[in-house]
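*Asks:* got a sequence here, can you build the structure:
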Amino acid sequence: MDLSITIAGVRFPSCIMNASGALCVTREELLALGRSHIGAIVTKSMTVEPRDGNPEPRYYGFPGGSINSMGLPNLGYKAYAALIPELKAMGNPVIASVAGLCEDDFLTIAATINAAKPDLIEVNLSCPNIPGKPQIGYDAEASERLLKRVRKVITVPMGVKLPPYFDPAHHTIMGDVIGRCGVDFLNLINSVGNGLVVDPDREEAVIKPKGGFGGLGGTIIKPVALANVRAFWKIFEGRIPIIGTGGVVNGVDAFEHVLCGASAVQIGTVLVEEGLGVFARLEGELVAQLRKKGYTKLEDFRGKLKEL
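*Replies:* All right, here's what the predicted structure looks like:
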């Protein structure tokens, strides 16, 4: 059974990889990912300066998902640039996730990371931006301006990680932006923002930052993730590869993402909850699903969701 894929000319031995943010902050975590049964090593979204992130507790798993307000803890872009050659030597593709607290940060980081030659660079438009402003990905004009600027300094394949969109008009608007900016792949979606999980026994929020508000992940967001994957697959008629992120906790979930149009999937909540052994489990379950359906490769059913 062949679960290998190619995105922007880069071959991945498996279609299953970690999502940026899940067990990928430190050198030790990244090396451990490289030794696991993984399709690619995805770095934490990086900022200019190292960040400790928000105060604890900032992650909470609950039946059906998770909530977090991590605050972009990371080593800073220079540390990741130095690590990229070591990670590439492990044999799997490396995807460097670039963030920033303002527009110019993205350019500074992207130029240095590009020089370190990861296999792909993911521009994260769905991370915290200027205080009081929405995520960049919710501002079409800011997104287009940033992507056009950063595209000039990135020579490796460039992708965009987007927040969830909840209206077809937003899919169309961002589709137009992406089509004008030389984007090579999409990552859909980041966590569903501004959820709130309550502990009824203690009568309090379960995480500390932002009064308990945080991003939702896990099974609970799978329908939103699938809808975004499907919408952008249809907008681009399959021409831009999509990495589906959100709600993958078993092989059937991964199958559904591919059926909706994804070339690969990334996992966050289930990786944090289960650990590195999850990659082998998911791959085995996805293979079992393909055998059950009579498929031999992902291309047999990618994007072929039937509509009533």
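*Asks:* could I get the phi/psi values of Val153?
*Replies:* Main-chain dihedrals, Val153, degrees, to the nearest 10: phi -110, psi -10.
*Asks:* Glu122 is in contact with Asn187, correct?
*Replies:* Yes. Look at Asn187 against Glu122 with CB atoms under 8 Å: they come within range, at 5.8 Å. From N, CA and C alone the C-beta is placed, and that goes for glycine too.
*Asks:* who's more crowded, those two?
*Replies:* For the pair Asn187 and Glu122, the greater number of neighbours falls to Asn187 (28 against 25), based on other CB atoms under 10 Å.
*Asks:* show me the contacts for the residue lying farthest from the centre of the chain.
*Replies:* Taking CA atoms, centre = their mean, the residue of the chain most remote from its mean C-alpha position is Asp201, at 33.6 Å. Applying CB atoms under 8 Å, 6 or more residues apart in numbering, we find Asp201 in contact with no residue.
*Asks:* rewinding a little: what is in contact with Asn187 and Glu122 at once?
*Replies:* By CB under 8 Å, 6+ apart, Asn187 and Glu122 have these common neighbours: 159-161.
*Asks:* next, the buried residues of stretch 151-165.
*Replies:* 151, 153-154, 156-165 (16 or more other CB atoms under 10 Å).
*Asks:* okay if I get those residues as a markdown table plus distance to Arg11?
*Replies:* Converted to a markdown table, these look like this (distance: CB to CB, whole Å):
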| residue | distance to Arg11 |
| --- | --- |
| Arg151 | 23 |
| Val153 | 25 |
| Ile154 | 20 |
| Val156 | 14 |
| Pro157 | 12 |
| Met158 | 18 |
| Gly159 | 16 |
| Val160 | 21 |
| Lys161 | 21 |
| Leu162 | 24 |
| Pro163 | 29 |
| Pro164 | 29 |
| Tyr165 | 30 |
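*Asks:* show me those residues that map onto helices.
*Replies:* If you go by DSSP state H, these have Arg151 in helices.
*Asks:* closest to Lys292 among the buried residues of stretch 151-165?
*Replies:* Among those, Pro164 lies closest to Lys292 (CB to CB), at 29.8 Å.
*Asks:* list the contacts for the closest residue to the closest one other than its chain neighbours?
*Replies:* Nearest non-adjacent residue to Pro164, counting by CB to CB, 6 or more residues apart in numbering: Ile189, 4.3 Å away. For Ile189, the contact set (CB under 8 Å, 6+ apart) comprises 126, 162-164, 221, 224-225, 228, 245-246.
*Asks:* which of these ranks first by neighbour count?
*Replies:* When neighbours are counted by other CB under 10 Å, Gly246 leads the contacts of Ile189 with 33 neighbours.
*Asks:* need phi/psi at it.
*Replies:* According to degrees, to the nearest 10, Gly246 has phi 130, psi 110.
*Asks:* and the gap between it and Gly294?
*Replies:* For Gly246, the distance to Gly294 equals 27 Å [CB to CB, to the nearest Å].
*Asks:* what about Lys222, how many residues nearby?
*Replies:* Lys222: 20 neighbours (other CB under 10 Å).
*Asks:* check which helix or strand covers it.
*Replies:* helix 222-236 (DSSP states H and E).
*Asks:* centre of the chain to that helix, how far?
*Replies:* Its chain's C-alpha centre and that of helix 222-236 lie 14 Å apart, by CA atoms, centre = their mean, to the nearest Å.
*Asks:* what packs against it?
*Replies:* Packing contacts for helix 222-236, counted by 3 or more CB pairs under 8 Å, 6 or more residues apart in numbering; DSSP states H and E, involve helix 168-179, strand 185-188, strand 242-245, helix 251-260.
*Asks:* just name the most buried of these.
*Replies:* strand 242-245 (a mean of 30; mean count of other CB atoms under 10 Å).
*Asks:* who are the packing partners of it?
*Replies:* strand 185-188, helix 222-236, helix 251-260, strand 264-267.
*Asks:* and of these, who's closest to Thr26?
*Replies:* Of all these, strand 264-267 comes closest under CB to CB, at 18.6 Å.
*Asks:* can you list the shared contacts of Asn187 and Glu122 in JSON lines and add distance to Ala205 and pLDDT?
*Replies:* Below are the shared contacts of Asn187 and Glu122 laid out as JSON lines (distance: CB to CB, whole Å; pLDDT from 0 to 100):
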{"residue": "Gly159", "distance to Ala205": "33", "pLDDT": "98"}
{"residue": "Val160", "distance to Ala205": "31", "pLDDT": "98"}
{"residue": "Lys161", "distance to Ala205": "26", "pLDDT": "98"}
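*Asks:* adding distance to Ser66, write those out as a markdown table.
*Replies:* Below are those laid out as a markdown table (distance: CB to CB, whole Å):
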| residue | distance to Ser66 |
| --- | --- |
| Gly159 | 24 |
| Val160 | 24 |
| Lys161 | 18 |
